[in-house]
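Visitor: what shape does this take:
(2 chains)
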Amino acid sequence: MSTETFTTEEIAPDTSGSVSVLLRFLREVPILRALTIPNAIGGIITAAGYQAFVWMSGKLAECQSGACEGLEYLEKLRLPLSLSSLAGVALVVFLCRLVQWVVFESGSQLASQGLFRRMIHGVGHVRTTFFDEYPSGKIINRLAKDSDQLRVFAPIRLGDATSAIIELLIVAGIIAVASPLAALVVIPAFGSFLYIQRNIAPMLQRAMTLRSIRFGEVLHRESDVIEGVRSFELYSSLPALFGRLSQAMYAYMQMHFLRGRIEAWGRFWADIMVAVYGSLTLVAVYVGIHYGELSAVFGVVIMTATFRLGALFGWLTWSLGLLFESAGHARRVFEYVDLPTEETEEGIRPPKTLGLITDNDGDLSFTNYTMSYRQNTPEILQNLTVRIARHSKVGLVGRTGAGKTSLVQSLFRMVYVRDGDIRIGGQSLFHLPVEEARSFFAIIPQDPYLFEGTVRSNLDRYDEWSDSDLSDTLAKVQLSLQLSLEIKEGGTNLSLGQRQLLCLARVLLSKRPFVIMDEPTSGVDTITDSIMQNVLRTHLADRTILTIAHRLDTLTHMDRIIELRDGAIARDGHPASIIPLLTEAELA
Amino acid sequence: MFRLSFFGPFARQRDELLVAKSFAPIPLHPAVERQIQQSRSTFSQRAPRLKRSWNLFWYGLREIKELIVEHILWNAASALIVLGSVFVARQVFQARVGITEGIILAGSYLLLKISQATIDYFNGCRRLQIHRGLQIAFYRCINEKLVSIAPAGRAEFSKGGLKTLIGSDVESIEDFISAAIQQWIPVTVSTTILVPALYFVSGTIGLLALLVVILLIPVAMIGAAFVEMYQKKAQKEQDELTTIIGEWVKNIRLVRYLGWGKAIEREVEQSMHRFVILGSIRHAVIVVVYAISLSWPMLPLLSLFWISSLQAKPLDLLEVFSSFWILDHLLFQIQHIPYSLSLYGSASAGATRVINLLNQPDLSENNLPAPAEGYVTDDTPSAILLKGITVRYGAFEALRNISLELSLSQRTAIVGSVGSGKTTLLEALLGELPLSSGAIDIRFEHLGDLPLWREDVYKRFRSLAAYSPQQPFLSNATMRNNIDLSATASADDVNMALLAAQLNEDLATFPRGLEEEVGESGINLSGGQKQRVSLARAFISKRPFLFLDDPLSAVDPRTEGLLMTSIMDHGRGVLLVSHRLAELERCDRVIVLDNGTIVEDGCPKTLARDECSRFSRFLRAAEAHEH
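Guide: Purely as a prediction, here's the structure:
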């Protein structure tokens, strides 16, 4: 995880529909669904087994003291009342719990992979502008963290909640056997527990959301201390800095304590309920024993269960609370699973016959093309009609915001189309699968980013080329790098020039008919520049090259210069006629 | 009625939370209140010097000692109640038959449980105060250090590293200590109170069964070691996954341009697959440990029988179960001990890093000696004298043996190509950087030349200087807070600074004007806007000496001219580092740096006329670039 910025937990503000999203999770992870019933059976065996163990212990203690009666059940099961059979029952209870949990929890973790594959696919195929709308940290967090949290904790909490409920029911059942009166109390006890939970859950969620926001504020102020303490010190403003920090801290603590108080308050009422329930049970046991309706052993079993009641309700509260937290993670994961694909959000699709275009020449043509980045953002390119001849070298200039980048983005189908068409020859780009449409265009980006890996993986991600092909290509761009050379994230262990040349080599390999060059605004060294110009003239002579130019000397080599202004073509012509009219701003 | 009396406080909190966002303040424990109060004046305190990680843990404990004492008392009460409940349960089987006895038993049980619930409520509320009290205590000592640390020590810590320190390191220390407090104290207190009772009930047999209970600790610790091993592996895999996803998401356009989406998606899937496999194994280990500790209560019961069967007189039903109830309670608390021990590793590593920071020398220690006699308080500096200063970064000499007298009543520009040492020079003479050799003196009007690196001189000089660095600091707060750091300026002063820094037009485009949030590191502002916020900060301080590092780099020529006028108007003495040369003829003096040395020094107009001067060559190159 990046340590450059503090990351605060992302908490969904809306808490409704938690149950339905959890049910969907249950539905969409097959093992989880299939194992729900076996898991419950395992839980029943474990919980009932433990009670049987306690009962047998009581019987054993009684026998040791001389009075051995009521062993008919054990005789039927051919289980002698001895220390070793007691140990046997303990072992069964332990193994049953172990198997139940390992299979259910670890099994569902493994099984949830399918869901995450769909989430990755969802993000991989969403419209490109999606990534401009959400900060990358948030997307990464969801892909890496929410999925992890959901995968690990949702099965655990589902398992825990199930186990707790089963154990509670069994305890209640045993108490009911002892005294129907006490059993009647079970109903209001459970009822009030549910009432408390229902009241507490939304409050806790809200308090946690607010707490997370307030903690964000604390971290902002701590960033101020880390990054700006010298500035505050110079301007004698340290009291303001630390005043604000402690204020943020106070606000955060208040919300945190409120959350604690709500939790404690809920537990308090659950405890009171357990206390009432417990003392009624106690009366029932007392009465039962002294009127001979209840054996002492059974009385002891019930008292043992009553002692555990508080802890059991605590367990249930805890796992239910966390389950709702998992629901938040599940909702965020499903949001990404359900992302629409980029094709469905691309705007209008041009009819197959739009305008009159003479075919079979491989020219690139825009016809009445109008686009914006998203459906609700202003139009950038407006009614653009231009035709770029095959194998021509075109320079694209214009002020910042004139539409140069939008034009490139349009070719890669990363924008919202409002009108018109883009064609190569007679083929509309929009009637091809999006990957295929993109595969017409190669690009040398302004910032030549390299991916972590090797020189080889940066040239040939799909392992399509032989080593000698790759080495030949590197030689063409005069790079002497080993194919196995490790590349750091971003390519920081190579110089800017080397990175640019590597991108150029990638373009040479790709054989894509159109090459888009986004010139860097500064920082090009003359050697790299001359190699690039040379490669452009020789090895790329048979491709159409579109250059977003920032320097006059590159423009002189072009066949044609197009100047964009406010999303439309302002000037278009031969360099000799256009260059004298350009100012610095047009090359921004 | 029912709702109001039974859930009254509840219902109110619920409404407050869901509707109004505000609620009646929760009183802080005095120990936490004290931490908050002290954190306000962190800048005037000195961070503690500590040797080992245990010293840091101890420091945290001392800061919240009242909370700990309270915690011990609550737990003692709680253990006594457990004892009481066991006694009542025994009586159920032994007491005489009768309505009165029944009522007394049920009533006392109810009373005990209600007191238990009340204690748990208060303890539950306090629990979080332990956490936050510790957090703020550690934040405070780190912040104290960040204020006082000497520049050399500061350079050793990256911003990212410090954020990790404040974020995850403090959290792991705090988790460990509060887990220790919340788990060891109950265990110790309960054991002290319950063991005599256990001995009373079942004699040595009970104590031997207690040993079986305690045996859970080493067993669970072995489990925890396994968990940690897989945890580390899984962590590594997760880091890798995050890196791959990060590269993918941050460069999504490039990935799509290149058509590498499928390949990268596959890599992400594979990485996730490896991570999930490891995570599932790790989880299986956790489950085994958890299942063992949940099934453990059966062992003391078994051992009670086993030991008692070896004895002449076995325990009877009530003896067995009274012991069991006591042991079960102890076990319930002991269960969590291994968890708190498992937190020690990362807490100790975090503490070592925090202590490493705390042990960095302070600026005031050897770097800023107090004067032998007489403090400079109100004398005015008139010049800065550099006496053969050299600044090295590792092997690289950024400044070489520079000697210079800079008048503080002049406007001086420093120019030179990238890497010539301009920024280093500015930082050195502001006392932001330690010198490798040489000295800097400040000339005062009455007291004469005094060394800059002396407490009184340093403070006096810096209290008159305003500095706008090349990459200005921006706080994730409003424009107003960013311009007026001390939050004390009048509305007029703010307006004056806005106008002088040419920010008023930008402000008009912000929907919320001065209250507009600038975002993390000023992400919502352009480079030029950030520079001008920093300039506005300098203007609002009304300090006579302006030290400005490239404030004109990202503005258009018209604004450049206006800003230059503001700078000339506001500073009695100005030292301006600039790449933009057009307006520099308005300065009194220009110094040209190259490769860490001064190559030219003179009046800009004179130098501009001299066709052979570096300055005029710079000017001509800039002009050629513009046309």
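
Visitor: got any ranges where the stretch 451-600 of chain B has weak pLDDT?
Guide: Where the stretch 451-600 of chain B drops to pLDDT under 70, the residues are B:554.

Visitor: show me what from it comes close to chain A.
Guide: B:462-463, B:465-467, B:472-477, B:481, B:485-488, B:520-521, B:537, B:541 (CB under 8 Å from any CB of the partner chain). C-beta here means a position set from N, CA and C on the backbone, and glycine is covered the same way.

Visitor: at 6 Å what do you get?
Guide: Residues of the stretch 451-600 of chain B lying close to chain A (CB under 6 Å from any CB of the partner chain) are B:462, B:467, B:473, B:475-476, B:485-487, B:541.

Visitor: for the stretch 51-200 of chain B, same thing?
Guide: Counting by CB under 6 Å from any CB, the stretch 51-200 of chain B sits next to chain A at B:89, B:92, B:97, B:102, B:106, B:109-110, B:113-114, B:117, B:121, B:124-125, B:128, B:132, B:136, B:143, B:146-147, B:159-160, B:162-164, B:166-167.

Visitor: re earlier: next step: the residues of the stretch 451-600 of chain B next to chain A restricted to helices.
Guide: Among these, DSSP state H puts B:R462 in helices.

Visitor: from memory B:Y467 sits against B:F545, does it?
Guide: No. Counting by CB atoms under 6 Å, B:Y467 does not reach B:F545; the two are 9.2 Å apart.

Visitor: if we can go back for a sec, of the residues of the stretch 451-600 of chain B next to chain A, buried ones?
Guide: The neighbour-count test (16 or more other CB atoms under 10 Å in any protein chain shown) marks B:462, B:467, B:473, B:475-476, B:485-486, B:541 as buried among those.

Visitor: wait, which of these is closest to B:W296?
Guide: Closest approach to B:W296 among those (CB to CB): B:N476, at 48.9 Å.

Visitor: wait, that closest one sits on B:E520?
Guide: Yes. Using CB under 6 Å, B:N476 is in contact with B:E520, at 4.9 Å.

Visitor: can you report how many residues lie near B:D569?
Guide: Other residues within reach of B:D569, judged by other CB atoms under 10 Å in any protein chain shown, total 9.

Visitor: again, but for the one 10 residues further on
Guide: B:H579: 14 surrounding residues under other CB under 10 Å.

Visitor: likewise A:R571?
Guide: A:R571, neighbours per other CB under 10 Å, totals 16.

Visitor: end to end, how far does stretch A:335-342 reach?
Guide: 15 Å (CA to CA, to the nearest Å).

Visitor: what does that stretch contact?
Guide: A:118-119, A:122-123, A:125-127 (CB atoms under 6 Å, 6 or more residues apart in numbering or on different chains).

Visitor: try stretch B:376-388
Guide: Outside stretch B:376-388, the residues that touch it by CB under 6 Å, 6+ apart are B:401-408, B:429, B:438-447, B:456-457, B:460-461.

Visitor: which SS state does the residue of chain A positioned farthest from its centre fall under?
Guide: Within chain A, the residue lying farthest from the chain centre (CA atoms, centre = their mean) is A:G66, at 64.5 Å. Classification of A:G66 using DSSP: H, G, I helix; E, B strand; the rest coil returns coil.

Visitor: could I get the contacting residues of it?
Guide: No contacts exist for A:G66 under CB under 6 Å, 6+ apart.

Visitor: quick check on it: phi, psi?
Guide: Phi and psi for A:G66, reported as degrees, to the nearest 10, are phi 120, psi -40.

Visitor: what residues go with each domain of chain A?
Guide: Domain assignment for chain A by automatic domain parsing gives A:9-179+A:323-345, A:180-293, A:364-587.

Visitor: now these as JSON lines including mean pLDDT?
Guide: Listed next are the domains of chain A as JSON lines, based on pLDDT from 0 to 100:
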{"stretch": "domain A:9-179+A:323-345", "mean pLDDT": "84"}
{"stretch": "domain A:180-293", "mean pLDDT": "86"}
{"stretch": "domain A:364-587", "mean pLDDT": "87"}
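
Visitor: mind putting those in a markdown table, distance to B:A370 included?
Guide: A markdown table is the format used below for the domains of chain A (distance: least, CB to CB, whole Å):
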| stretch | distance to B:A370 |
| --- | --- |
| domain A:9-179+A:323-345 | 46 |
| domain A:180-293 | 18 |
| domain A:364-587 | 45 |
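
Visitor: closest to B:V213 out of those domains?
Guide: From these, taking CB to CB, the stretch that ends up closest is domain A:9-179+A:323-345, at 14.8 Å.
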